[in-house]
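Peer 1: Here is the input, now give the coordinates:
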Amino acid sequence: MKVRAALMRAIATHIRSSGMTDADAAGAFCVAVSRIKDLVQGKIENFNTDELVAMLAAANLDAPNLS
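Peer 2: Sure thing, here's the model as predicted:
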């Protein structure tokens, strides 16, 4: 769960810092707007590690430091 939380934080931080709307973020991460809403609301149970890594890759983001 620690890895998923770190990945979700990295994605949510990127969304907030770039000023993207939910629709913009959905396009950048290749997911539905509802998935972005779940992510920024911290609904960790709705995501698996593979999905989050795919979202990072879709937006060309580096993985966070997990140490």
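Peer 1: Please name every helix or strand in contact with whichever helix or strand residue 38 is part of.
Peer 2: For residue 38, the element it lies in under DSSP states H and E is helix 33-40. With contacts defined as 3 or more CB pairs under 8 Å, 6 or more residues apart in numbering; DSSP states H and E, helix 33-40 has these neighbours: helix 2-18, helix 22-29. The C-beta positions use only the backbone N, C-alpha and C, and glycine is treated the same way.
Peer 1: Distance from that helix to the middle of the chain?
Peer 2: Centre-to-centre, helix 33-40 and its host chain are 8 Å apart (CA atoms, centre = their mean, to the nearest Å).
Peer 1: Report the buried residues of that helix.
Peer 2: 35-36, 38-39 (16 or more other CB atoms under 10 Å).
Peer 1: now the angle between helix 2-18 and that helix, please.
Peer 2: Angle of helix 33-40 versus helix 2-18, following axes from the mean of the first three to the mean of the last three CA atoms, to 10 degrees, is 110 degrees.
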